[in-house]
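Enquirer: need a structure here:
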Amino acid sequence: MKNKKTLVLGASTKPVRYSFLAIEKLVDKGHSVLAIGQNAGEVAGIKIQTKAIPLKNIDTVTLYLNPLRQRDYYNYIVEAQPKRVIFNPGTENPEFYQLLKLNDIKVEIGCTLVMLATNQY
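Expert: So this is what the prediction gives:
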């Protein structure tokens, strides 16, 4: 399996949050992970940053932010030029889909946890 450098946007240190579980599973599967969230902390050895960090060679951005909160990151994500952005349940955002497609970034509407569990990541 290829290592897909992934940014988890909307990361949480709360074990009940899907972003927490996604970080754990991504690390378990051998992917390089970066994380940005509202609160600093650590999950599975990955430090959660509270501010935008420089991004290089990002394969995937997986979103755990509602569409309104995503707006602050539109330019940040487009400038990082990931291969794809995964919109997890509750993050669907047709406005952002259009912007990503205009910049040749693949839009995937799905669940990162399911994709990892079924080897479709």
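Enquirer: Put the alpha carbons of stretch 113-121 into PDB.
Expert: Backbone C-alpha positions of stretch 113-121 (Å, rounded to 0.1, in the frame of the first residue of the first chain) are rendered in PDB as follows:
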ATOM      1  CA  LEU A 113     -13.000   5.400   8.100                       C
ATOM      2  CA  VAL A 114     -15.000   3.300   5.700                       C
ATOM      3  CA  MET A 115     -12.500   3.800   2.900                       C
ATOM      4  CA  LEU A 116      -9.600   2.700   5.200                       C
ATOM      5  CA  ALA A 117     -11.500  -0.300   6.600                       C
ATOM      6  CA  THR A 118     -12.400  -1.500   3.000                       C
ATOM      7  CA  ASN A 119      -8.900  -0.900   1.600                       C
ATOM      8  CA  GLN A 120     -10.300   1.800  -0.800                       C
ATOM      9  CA  TYR A 121      -8.200   4.600   0.600                       C
END
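Enquirer: which parts of that stretch are buried?
Expert: Neighbour counts over stretch 113-121 (16 or more other Cβ atoms under 10 Å) mark L113, M115, L116, Y121 as buried. Quick note: C-beta positions are derived from backbone N, CA and C, even for glycine.
Enquirer: Likewise for stretch 98-107?
Expert: L99, L100, I105, V107.
Enquirer: Of the buried residues of stretch 113-121, which pair is most distant in space?
Expert: For the buried residues of stretch 113-121, the farthest-apart pair by Cβ to Cβ is L113 and Y121; their separation is 9.6 Å.
Enquirer: My guess is V43 contacts Y18. True?
Expert: No - look at V43 against Y18 with Cβ atoms under 8 Å: they stay out of range, at 11.9 Å.
Enquirer: Show me the strands in the chain, by range?
Expert: 6-11, 33-37, 41-43, 46-49, 60-63, 84-87, 106-109 (DSSP state E).
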